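J.: here's a sequence, model it:
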Amino acid sequence: MKSILLGLCLFGCANTQLKADGLINLSSAQLSEMSVQQSPMLIDIRTEQEWKKSGVIRDSHLLQFFDNQGDFDMSEWLSNVQKIRSSNDQPVVLICRSGNRSKKVGDVLTRQLGMKNIYHLQGGVNAWQQSGHKLVTVCESNVPC
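T.: Below is the predicted model of the structure:
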């Protein structure tokens, strides 16, 4: 599956006609400001083990994208996103540990699937914490406490 994602990314980069608005990078400060001014949907795509180990950004939806082997089910994941997204115009902010996975997933969503209002947190939860923001504990039911 990793090769499929890489292929999708490479195909999207080569075919600029598929590009919609493109993925928008957010710093921790920009995400903090956006959370006050808008109602973005924060999606933490890390694994359950990562959520429990470090905690998550408050109000995040915990929707793991890659499994422990690096595989994913795009249609199932998108179905789960659509169930919780208030509208197609609602900003979606993808979050991972360092920003690498969220950037890859965001590029596929924007370039391949034409989704708009897709953001990713540069530096992930690592940058969020380094900038002085707090993470919250994940409860047993995999929701932020």
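
J.: assign the residue nearest in space to the middle of the chain to helix, strand or coil.
T.: Among the residues of the chain, the one closest to the centroid is residue 94, at 1.7 Å (CA atoms, centre = their mean). Here residue 94 is strand, with the state taken from DSSP: H, G, I helix; E, B strand; the rest coil.

J.: surely it and residue 108 touch.
T.: No - using CB atoms under 8 Å, residue 94 is not in contact with residue 108, being 10.5 Å away. Just so you know, the C-beta spots here come from the backbone N, C-alpha and C atoms, and that holds for glycine as well.

J.: ok, back up a step: got the contact list for the residue nearest to the centre of the chain?
T.: 43, 45, 102, 105, 106, 118, 119, 120, 121 (CB atoms under 8 Å, 6 or more residues apart in numbering).

J.: give me the neighbour count for residue 134.
T.: Using other CB atoms under 10 Å, residue 134 has 9 other residues around it.

J.: next one: residue 52
T.: Residue 52 has 15 nearby residues by other CB under 10 Å.

J.: give me the spatial nearest neighbour of it, chain neighbours excluded.
T.: Distances taken as CB to CB, 6 or more residues apart in numbering put residue 138 closest to residue 52, at 5.2 Å, once the chain neighbours are dropped.

J.: give me the pLDDT value at that neighbour.
T.: Predicted confidence (pLDDT) at residue 138: the value is 88.

J.: go on, residue 60?
T.: Looking at residue 60, the pLDDT reads 95.
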